[in-house]
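>>> Sequence and predicted model, in that order:
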Amino acid sequence: QLVESGGGLVQPGGSLRLSCAASGFTLDYFAIGWFRQAPGKEREGVSCISSSDITTYYSDSVKGRFTISRDNAKNTVYLQMNSLKPEDTAVYYCAADHRTYPGKLPRDYVYWGQGTQVTVSS
């Protein structure tokens, strides 16, 4: 099971840190992806990280503002989001797949969390 937390309401330019905690299995050998879905839009990839913590990917829309990281000792993956914009408003999901290198598409992942709402508004 994957559980996201850390979402909320933040003003433009603010920051949030999302967490994705795993229970029932260890994330050590799993690639992790963060996705988001805004109302009326398709789910899109935001960032992903390899199981080895060596390879990361960011979509162009978040590059330079978001940082993905993992703490295998805590069985948790994080998404630090800075300089948030109204267009970042969405439900954010983490996903896991038992592979080394992360995929960029939702279909690349088997396990999903329930999502956490991020709203960027003044």
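Great, that's in hand.

>>> what about the residue lying closest to V118 once chain neighbours are set aside, distance to R36?
Spatial nearest neighbour of V118, chain neighbours left out: G7 (4.7 Å); criterion: CB to CB, 6 or more residues apart in numbering. The C-beta positions use only the backbone N, C-alpha and C, and glycine is treated the same way. G7 sits 10 Å away from R36, going by CB to CB, to the nearest Å.

>>> Please identify which of those two sits among more neighbours.
Ranked by neighbour count (other CB atoms under 10 Å), G7 and R36 place R36 first, with 24 against 19.

>>> Identify the residues contacting that one.
Neighbouring residues of R36 by CB atoms under 8 Å, 6 or more residues apart in numbering: R43, E44, V46, D88, A90, V91, Y92, Y93, V118.

>>> Which strand residues bridge A90?
Assessed by DSSP bridges, A90 has beta-bridge partners V118.

>>> swap in G8?
V118.

>>> quick one, what contacts it?
Going by CB under 8 Å, 6+ apart, the list of residues near G8 reads L16, Q117, V118, T119.

>>> For the second one, report the pLDDT, please.
What the model reports as pLDDT for Q117 is 98.

>>> what touches both of G7 and R36?
Joint contacts of G7 and R36 (CB under 8 Å, 6+ apart) are Y92, V118.

>>> residue boundaries of the strands in the chain?
Secondary structure of the chain (DSSP state E): strands located at 2-5, 8-10, 16-22, 31-37, 44-49, 56-58, 66-71, 76-81, 90-97, 111-112, 116-120.

>>> between the ones you listed, which gets nearest to K104?
strand 44-49 (4.8 Å; CB to CB).

>>> which other residues reach that closest one?
31-37, 55-59, 61-62, 66, 68-70, 77, 79, 92, 102-106.

>>> Ok, stretch 73-82 next?
Outside stretch 73-82, the residues that reach it (CB under 8 Å, 6+ apart) are 15-23, 26-27, 32, 34, 46-47, 49, 62, 65-71, 88, 92, 94, 118.

>>> got the buried residues for that stretch?
N75, T76, V77, Y78, L79, M81 (16 or more other CB atoms under 10 Å).
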